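> I would like to see how this sequence folds:
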Amino acid sequence: MEEYPEELRSPPVALVALVGCSEQHGAIITHLLSQQPPINTLALPEFAQLTHLLQRSSSSYSPPTGFLKRDWLAKHRTKIPAVVAAFFSWDHVSGDPAQWVQVCSDLDDLKASIRPRNTKLLLAVVGKSEDISEDRLLALGKRAEVDSKSLLLYNPDPSQLDNSLQRLSARFSELGATFYKDEGRRIKARIEKKNFSTPDLQVHYCFKVAVYAEFQRDWAEALRFYEDAYHALLGICTLLLHGGKLNEAVAWFRQHIESYKTLDAPPEVIFLHWEWLSRQFLVFAELLDSSSATLPSASSQPLGTANQPLNEWEFHPAYYYQSAAQYMKEKRSALELAVSNSETFNEYDDGSAESVVPSVYIGQFGRLLEQGDDSAIQPITDDEYTRYVIAEGKGFQDSFEIIALLKKCNEMHSNRKFQRMGSLYAFQISRENFSLGDFRNAKQFFDGVANLCRQEGWVTLLWEVLGYLRECSRKQEIFAFISGESRPETLNGLDLKVTGDNTLHLEIDLVSPLRSVLLASVAFHEKILKSGVSSSITISLLSPLPLSFEIDQLEVQFNQSQCNFIIMNAQKVH
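Here you go, the predicted model:
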């Protein structure tokens, strides 16, 4: 799940902002992070910084054109506070008229900046209670338009600091919960009124309500709206597993896969669907794997219902890792087919793919146009997107990801002493390594599988594994010989040096590991050969070695020995 951003992998935490009296921020931040749940903090020394942070785009409102903006989740976690706490020193509040005017001006600017976002306001006056005038404090609250609960005294004296921090954090929690509840209620009103033109907007609104419910730690509300949105399967399964509802999480995932497993799509882009399916299984496997330590064992769980019976293996992460690997294989095959069937694939490498970037909304792409210091995102057509994803797909080595997933399965079954299932995945790992040309690692896994096949008496599978082992050894020997890493040894154990005067004699027959370095091809020019009748025969000797061969003699053998003959090199002295 590392490829997913943090905002999709963990529940959100309320965000508040502190502005003014920056010398007090350190103690407050530390205290808020120690709360359960913790509260994240933006610390801003100047009021102008908050105004700049909260200002909205000046562009006119337009309806959403996608499911969710790419930065929406991160923005509400790190940039848009639910509560702003304005800190004023009592010296400034009770000072001369010029200082009071400055305090009022800062308050007016602050109210103007938070009003469009409905951000809650909290005032804190820093000073000792015996020094503070009640009348001036009420005047400050009236100017800020806040009630008495949101007007606090913050005493930094060590003897009073803990009480001040407790009151501050409690009020932050109350106002934060109110903010997120109000935001969720505002969007729920649109859902209830059906105030949207497309089904995509309903998903858009339901997802936002669910996120705001998570900010409040209202898991039931979040789950209900995630179910309505449905596309947020990750959120549904995370909440179910967090609540120990293993059965429900597995059933939800199965329903999700059954709904989206089949897809009618152009063959040139079907590989995207297989990749998406693989990612679904991988994420759920990691969720299940990370949650298994705190969940009851699968054997103690009721296996589904009469309408949706669940198999025992559906409760094990290894099944989902294996399914992720299988769909990644499907993706690889579909991508190879798309590339090979594309007659104009050379056009995909014209460099246009480099200008395609993620668009504003999740799942959308556009072309980046830059003119000087200005840039804009231009929509792309379906054909342009197809060319882009195929060009991008060519740059990935899916075999490495497949091997990593299969290794995860192999480790899980080996840890549970399931040798037979572990050997199945070891065999698949070996074949993937073999196809990559990594014969050393392939041989290592094939050796283990062969040993188990001998123990179990699996003759047919052993025959196949031994065939792979023979090819691994043969190819390793050939590559080592060609690269000079290994050299034949003489019978007396001395190193053999091959020179023009000291030649090397090798016998390469049909079963020799070196048979692929020298291949003989014979072409008969007549359909029938008769004894005593001349015929034309073409003999070709093929070799991938970067060496020149000089033929001294060539012996041609037939199944009738009287037809055998030897051709001598006329230029050689015998």
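
> Could you report the separation of Asp109 from Arg115?
Going from Asp109 to Arg115 by C-beta to C-beta, to the nearest Å gives 11 Å. Where C-beta positions appear, they are placed from N, C-alpha and C, glycine not excepted.

> for Ser536, same thing?
Remark: distance between Ser536 and Arg115 (C-beta to C-beta) = 98 Å.

> Compare these two and say which one has the larger neighbour count.
Regarding Ser536 and Arg115, a neighbour count based on other C-beta atoms under 10 Å identifies Arg115 as having more, with 11 against 8.

> Mind checking what secondary structure the more buried one has?
Three-state assignment for Arg115 (DSSP: H, G, I helix; E, B strand; the rest coil): helix.

> And for Gln36?
Going by three-state DSSP: Gln36 is coil.

> Count the residues that sit near it.
4.

> what pairs with Val357 across the strands?
Gly366 (DSSP bridges).

> Tell me who's in contact with it.
Taking C-beta atoms under 8 Å, 6 or more residues apart in numbering, we find Val357 in contact with Phe365, Gly366, Arg367, Leu368, Ile377.

> I'd like these laid out as CSV, including neighbour count, distance to Leu529 and pLDDT.
As requested, these are exported to CSV (neighbours: other C-beta atoms under 10 Å; distance: C-beta to C-beta, whole Å; pLDDT from 0 to 100):
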residue, neighbour count, distance to Leu529, pLDDT
Phe365, 17, 65, 77
Gly366, 19, 69, 78
Arg367, 18, 67, 79
Leu368, 15, 70, 79
Ile377, 16, 73, 76
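
> Need the phi and psi values for Ile539.
phi -110, psi 130 (degrees, to the nearest 10).

> Surely it is in contact with His525?
No: at 11.8 Å, Ile539 and His525 do not qualify as touching, with contact defined as C-beta atoms under 8 Å.

> Remind me what the longest helix seen in the chain packs against, helices and strands.
Counting residues, the longest helix in the chain under DSSP state H turns out to be helix 158-192. In terms of contacts (3 or more C-beta pairs under 8 Å, 6 or more residues apart in numbering; DSSP states H and E), helix 158-192 is packed against helix 25-33, strand 83-89, strand 120-126, strand 151-154, helix 199-215.

> got TSV for those, with mean neighbour count too?
Listed next are those as TSV, based on neighbours: other C-beta atoms under 10 Å:
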stretch	mean neighbour count
helix 25-33	16
strand 83-89	23
strand 120-126	22
strand 151-154	20
helix 199-215	21
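
> Glu456: which of those is closest?
Closest of these to Glu456 is helix 199-215, at 50.3 Å (criterion: C-beta to C-beta).

> so the closest one versus helix 158-192, what angle?
Angle of helix 199-215 versus helix 158-192, following axes from the mean of the first three to the mean of the last three C-alpha atoms, to 10 degrees, is 160 degrees.

> what helices or strands is helix 199-215 leaning on?
For helix 199-215, the helices and strands in contact under the criterion 3+ C-beta pairs under 8 Å, 6+ apart are helix 72-78, helix 158-192, helix 219-229.

> Can you show me the strands along the stretch 301-450 of the chain?
356-358, 365-371, 374-379 (DSSP state E, counting those that start in this stretch).

> Of all those, which one is nearest Asn247?
Short answer: strand 356-358, nearest of the strands of the stretch 301-450 of the chain by C-beta to C-beta, at 36.7 Å.

> Quick one: name whatever helix or strand follows the least confident helix or strand in the chain by mean pLDDT.
Within the chain, no helix or strand scores below helix 233-242, which has a mean of 67 by mean pLDDT, DSSP states H and E. Using DSSP states H and E, the helix or strand that follows helix 233-242 towards the C-terminus is helix 246-260.

> for the residue lying farthest from the centre of the chain, helix, strand, or coil?
Largest separation from the mean C-alpha position in the chain: Gly532, at 73.1 Å (C-alpha atoms, centre = their mean). Secondary structure, three-state DSSP: Gly532 is coil.

> Against Cys563, how distant is it?
Gly532 sits 10 Å away from Cys563, going by C-beta to C-beta.

> Can you list the low-confidence ranges for the stretch 51-200 of the chain?
Applying pLDDT under 70 to the stretch 51-200 of the chain flags residues 56-67, 130-131, 195-200.

> mind listing what the closest residue to Glu7 other than its chain neighbours touches?
Nearest residue to Glu7, sequence neighbours excluded (C-beta to C-beta, 6 or more residues apart in numbering): Leu73, at 3.9 Å. If you count contacts by C-beta under 8 Å, 6+ apart, Leu73 has them with Pro5, Glu7, Leu8, Pro12, Val211.

> The closest residue to Gln322 other than its chain neighbours - how many residues pack around it?
Nearest residue to Gln322 in three dimensions, chain neighbours excluded: Cys409, at 4.9 Å (C-beta to C-beta, 6+ apart). When neighbours are defined as other C-beta under 10 Å, Cys409 has 27 of them.

> wait, doesn't Cys409 sit right on Ala325?
Yes: the criterion here is C-beta under 8 Å, and Cys409 meets it with Ala325 at 7.3 Å.

> re earlier: need phi/psi at the residue farthest from the centre of the chain.
Dihedral angles (degrees, to the nearest 10) for Gly532: phi 90, psi 0.

> Can you check the pLDDT for it?
For Gly532, the model assigns a pLDDT of 76.

> and it, how far is that from Ser10?
Between Gly532 and Ser10 the computed distance is 89 Å (C-beta to C-beta).

> circling back to that earlier point, could you save the strands of the stretch 301-450 of the chain as JSON lines and add columns showing distance to Ile29?
JSON lines is the format used below for the strands of the stretch 301-450 of the chain (distance: least, C-beta to C-beta, whole Å):
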{"stretch": "strand 356-358", "distance to Ile29": "33"}
{"stretch": "strand 365-371", "distance to Ile29": "38"}
{"stretch": "strand 374-379", "distance to Ile29": "36"}
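
> which one of the ones you listed lies closest to Glu145?
strand 374-379 (40.4 Å).

> Sheet partners, orientation included, of that closest one?
Sheet pairing of strand 374-379 (DSSP bridges) gives strand 365-371 (antiparallel).

> Tell me, how many residues neighbour Lys394?
Lys394: 15 neighbours (other C-beta under 10 Å).

> Please name the nearest non-neighbouring residue to it.
Closest to Lys394 by C-beta to C-beta, 6+ apart is Val339, at 6.6 Å.

> cool, and Arg186?
Asn118 (8.0 Å).

> Just list the residues touching the one you found, thanks.
Here Asn118 is in contact with Phe179, Asp182, Glu183, Arg186 (C-beta under 8 Å, 6+ apart).

> re earlier: any chance of the helices and strands packed on helix 199-215 in TSV, plus distance to Gln280?
Below are those laid out as TSV (distance: least, C-beta to C-beta, whole Å):
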stretch	distance to Gln280
helix 72-78	19
helix 158-192	26
helix 219-229	16
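
> between the ones you listed, which one is nearest to Gly448?
Among the helices and strands packed on helix 199-215, if distance is taken as C-beta to C-beta, the winner is helix 219-229, at 43.6 Å.

> what's the angle between that closest one and helix 158-192?
30 degrees.

> who's in contact with helix 219-229?
184, 202-203, 206-207, 209-211, 213-214, 232, 235-236, 239-240, 242-243.

> dump the residue contacts of the residue lying closest to Ala112 once chain neighbours are set aside.
Of all residues not flanking Ala112 in the chain, Thr51 sits nearest, at 7.9 Å (C-beta to C-beta, 6+ apart). Shown here is Thr51, whose contacts under the criterion C-beta under 8 Å, 6+ apart are Asp109, Leu110, Ala112, Ser113.

> Could you report the separation of Thr51 from Trp100?
Thr51 sits 20 Å away from Trp100, taking C-beta to C-beta as the criterion.

> Check Ile114 too.
In terms of C-beta to C-beta, Ile114 sits 21 Å off from Trp100.

> What is the burial count for Tyr226?
Tyr226: 27 neighbours (other C-beta under 10 Å).
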